[in-house]
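>>> The following comprises the amino acid sequence and a computationally predicted model.
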Amino acid sequence: MFESLQDRLESAFKKIRGHARLDENNIQEALREVRLALLEADVNFKVVKAFTDRVKERALGQDVLKSLTPGQMVVKIVHDEILALLGGEAKTVDFHQKPLIVMMVGLQGSGKTTSAAKLALWLRRDHKRKPYLVPADVYRPAAIDQLHKLASQLDIAAYPSRADQNPVDICKAAVEEAAQAGHDVVILDTAGRLHIDEPLMEELQNIKRAVIPHEILFVADAMTGQDAVTVAESFNERLDISGVVLTKMDGDARGGAALSIKEVTGKPIKFVGIGEKASEFELFHPDRIASRILGMGDILSLIEKAQQEFDEGEAVEMERKLRQAQFTLEDFRTQMRRIKKLGSLESILKMIPGVGKLTKQLSDIQMPEKEMVRMEAILGSMTKRERLEPKIIDLSRRERIAKGSGTKAGDVAALLKNFEQMRTMMQRMMGGGKMPKMPAISGGQMPRMPGMPGMAGMAAAMSGKGSPTKKKKKERVKRKKRR
């Protein structure tokens with residue numbers, strides 16, 4: 001999401017940076033590009049007009065016109081205004097209420113049921129709460145079963161609703177049940193429709209009057225763009241929502257809903273769904289999204305992801321193993337699997353400030369994902385003893401491992417050789433007390449991934465591809481042939 005918008009804004013900023021001094025004409029030209037970029041991103045046209053008017057007013061101020069770097073000042077103004085458009089600062093639910101009653105509303109298919117389960121997991125994992133899920137959608141086939149199944153998978157308590165019950169009665173009884181059982185959060189998964197209709201709104205209003213929820217979260221599909229904003233406005237008029245949950249933020253939507261919904265409804269985006277897994281749900285951070293839109297990276301989100309996947313004690317133990325050359329193939333496989341949970345290497349690089357803008361060059365660089373899959377297959381074909389003691393792997397074992405992983409014995413031998421070389425290199429690097437600087441993204445070399453010492457470089461080294469030495473050899477052979 002936001003990639004197309006990011007490219008267009010970068011193009012507009014280049015025009016501004018090309019001028020030593022700014023005047024109304026070149027600011028107007030740049031803002032025309034910004035306006036088109038936002039409209040193409042499916043941002044509400046009224047929001048676009050108000051946004052560009054504010055930017056123009058600030059950009060024509062004396063502080064900008066007299067600045068030695070007016071282009072950078074305009075970029076800062078656009079960043080500040082996008083930040084304001086997104087809500088300014090992160091907003092969460094009101095944790096002072098006990099039990100906290102959260103009512104999830106929205107159209108059918110927007111992801112309410114899944115978001116309810118994700119929110120419950122987030123509250124338990126990050127805030128040590130004891131959530132209680134309430135299936136109150138008695139109209140959609142299997143809606144109750146779906147939430148019960150998710151609750152069972154996440155080990156979260158759920159109210160035993162039935163399809164023949166009244167939704168208002170379900171919610172009232174569930175709130176009483178939750179209080180008696182000691183739950184401090186009650187999440188109501190209400191019904192939706194394929195479109196807004198009067199019976200739906202009346203039912204939701206009746207539930208609101210019966211249980212008086214502290215939070216009413218409107219769940220919107222980010223892929224629907226302006227439609228999501230229009231529907232959010234209608235729900236807000238009838239229910240006075242307290243915030244928005246945007247789902248499918250990991251998709252290829254243009255981002256119009258995220259940039260319009262706060263300005264139109266006056267209600268902040270509080271949470272976003274960033275994947276299909278229950279754990280892929282997070283607090284919405286306007287400052288981080290604004291930085292991503294302007295190609296400034298999002299290192300804080302990357303650090304938080306890494307903290308969830310990497311245990312601090314294990315990291316210390318890993319460092320000790322690297323220093324003492326005790327890092328095994330078993331350790332390598334474990335770390336490789338954890339890094340995969342952070343996302344693709346390309347998505348990780350985009351979060352690193354200064355590197356995200358260079359990701360277009362990645363099409364010419366051999367990304368190690370495919371090699372990592374092949375290596376994981378080889379490692380999975382080994383016994384645990386072989387991964388802990390690779391020296392025992394002789395020719396017959398190599399052939400067995402190759403057959404089990406669908407590779408060749410030579411591939412297994414190459415992996416073992418490269419692993420030993422990599423382990424020696426890492427021992428020297430860790431022993432020296434200094435980590436090498438991140439290499440430039442050029443010539444097929446991959447930068448080190450954050451959080452783990454050189455894991456991307458380790459993958460490239462283990463695969464034997466992208467090696468500068470091998471590239472030089474190939475170039476020498478080509479030159480000889482030309483002669």
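It's in.

>>> Now whichever strand or helix holds R428 - C-alpha only, CSV.
Assigning secondary structure by DSSP states H and E places R428 in helix 409-431. The C-alpha coordinates for helix 409-431 follow below in CSV (Å, rounded to 0.1, in the frame of the first residue of the first chain):
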residue,chain,number,x,y,z
ALA,A,409,24.7,-34.0,-3.3
GLY,A,410,26.9,-31.2,-4.6
ASP,A,411,24.4,-28.7,-3.2
VAL,A,412,24.6,-30.2,0.2
ALA,A,413,28.4,-30.2,0.1
ALA,A,414,28.4,-26.6,-1.0
LEU,A,415,26.0,-25.6,1.8
LEU,A,416,28.3,-27.3,4.4
LYS,A,417,31.4,-25.7,3.0
ASN,A,418,29.8,-22.2,2.9
PHE,A,419,28.4,-22.7,6.4
GLU,A,420,31.9,-23.4,7.8
GLN,A,421,33.3,-20.4,6.0
MET,A,422,30.5,-18.2,7.2
ARG,A,423,30.9,-19.4,10.8
THR,A,424,34.6,-18.6,10.7
MET,A,425,33.9,-15.2,9.2
MET,A,426,31.2,-14.4,11.9
GLN,A,427,33.6,-15.5,14.7
ARG,A,428,36.2,-13.1,13.5
MET,A,429,33.7,-10.3,13.0
MET,A,430,32.2,-10.8,16.5
GLY,A,431,35.6,-11.2,18.1
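
>>> other SSEs contacting it?
For helix 409-431, the helices and strands in contact under the criterion 3 or more CB pairs under 8 Å, 6 or more residues apart in numbering; DSSP states H and E are helix 312-323, helix 369-380, helix 395-405, helix 455-463. All C-beta spots, glycine's among them, are computed from the backbone N, C-alpha and C.

>>> Mark out where each domain of this structure begins and ends.
Domain assignment for the chain by automatic domain parsing gives 3-86, 100-296, 311-472.

>>> which residue is nearest the centroid of this protein?
With distances taken as CA atoms, centre = their mean, I274 lies nearest the centre of the chain, 5.1 Å away.

>>> The stretch 101-250 of the chain: strands as residue ranges?
If DSSP state E, counting those that start in this stretch is used as the criterion, the strands of the stretch 101-250 of the chain fall at 131-135, 157-158, 185-189, 215-221, 243-247.

>>> which one of those strands lies closest to A37?
Closest of the strands of the stretch 101-250 of the chain to A37 is strand 243-247, at 20.1 Å (criterion: CB to CB).

>>> Next secondary structure after that closest one?
Next helix or strand after strand 243-247 toward the C-terminus (DSSP H and E): helix 256-265.

>>> Quick check: mean pLDDT of that next one?
The average of the pLDDT scores along helix 256-265 is 85.

>>> Name the residues of it that are buried.
256-265 (16 or more other CB atoms under 10 Å).

>>> One more: stretch 105-117?
For stretch 105-117, by 16+ other CB under 10 Å, it's 105-108, 110-117.

>>> Touching stretch 74-86 from outside, list them.
By CB atoms under 8 Å, 6 or more residues apart in numbering, the residues outside stretch 74-86 that reach it are 9, 13, 16, 22, 27, 30, 34, 47, 51, 54-55, 58-59, 64, 258-259, 262-263, 269, 284, 286-287, 289-291, 293-294, 296.

>>> Next: stretch 259-270.
Contacts with stretch 259-270, where a contact means CB under 8 Å, 6+ apart, come from 38, 41, 43-44, 46-47, 50, 82, 85-87, 91-93, 217-218, 220, 226, 228-229, 232-233, 236, 241-246, 258, 283-284, 286.

>>> one more time with 6 Å
Residues from elsewhere that reach stretch 259-270 (CB atoms under 6 Å, 6 or more residues apart in numbering): 43-44, 47, 85, 87, 91, 229, 232-233, 236, 241, 243-244, 246, 284.

>>> of all those residues, which comes closest to K391?
Checking the contacts of stretch 259-270 against K391 by CB to CB gives F284 as the nearest, at 50.6 Å.

>>> how about low-confidence regions in this structure?
1-4, 15-22, 62-71, 251-255, 295-319, 321-325, 340-369, 427, 429-483 (pLDDT under 70).

>>> switch to 80 and redo it
Residues of the chain that meet the criterion pLDDT under 80 lie in 1-24, 26-27, 59-75, 141, 194, 224-226, 250-256, 291-327, 334-372, 422-483.

>>> What about H127, how many residues nearby?
Applying other CB atoms under 10 Å, we find 13 residues neighbouring H127.

>>> No further queries at this time; thank you.
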